[in-house]
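In: Need the 3D shape of this:
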Amino acid sequence: MERRQTQRRSRRVHVTFWDTADQEPRSGYTINVSSTGMFVGTSQPLPPGHKVRLSLSFDEQEIAIAGTVVHAARVSPLLQQSRPSGMGVRFEHDHPELRNLIKPGA
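Out: Just a heads-up that it's a prediction; the model follows:
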């Protein structure tokens, strides 16, 4: 059953992220993005409920986003062709600057 209220768009963009305890950033990439959240492919997902800061780099711009991890999946490298390891993040605020990333044909 689909619980998302906004449509997600498949996009692959580099993401750097931190939780409140991280001294060094972690990295990953977007798998899909919407106006309310994204799935970040990473081998180091944070657990659900963690607050996270994200930085996306695309089209020569960088966007800082705050969110909350809503689900996480650690997947064996042998199975990552069928399901990626990563985490779903819900944004805390609207980010109008993401429109270029999620518009069709982008």
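
In: What's opposite the residue sitting nearest the centre point of the chain in the beta bridge?
Out: Residue closest to the mean C-alpha point of the chain, counted by CA atoms, centre = their mean, is V40 at 3.4 Å. On the basis of DSSP bridges, V40 is bridged to T30, M87.

In: and it, how far is that from K103?
Out: Using CB to CB, to the nearest Å, V40 is found at 20 Å from K103. The C-beta positions use only the backbone N, C-alpha and C, and glycine is treated the same way.

In: Show me the longest strand that occurs in the protein.
Out: The single longest strand within the chain, with elements called by DSSP state E, is strand 61-73.

In: Report the buried residues of that strand.
Out: With burial defined by 16 or more other CB atoms under 10 Å, the residues of strand 61-73 counted as buried are I63, I65, G67, T68, V69, A72.

In: tell me the two of those residues that are most distant?
Out: I63 and A72 (22.1 Å; CB to CB).

In: how long is stretch 73-85 end to end?
Out: Terminal residues of stretch 73-85 are spaced 5 Å apart (CA to CA, to the nearest Å).
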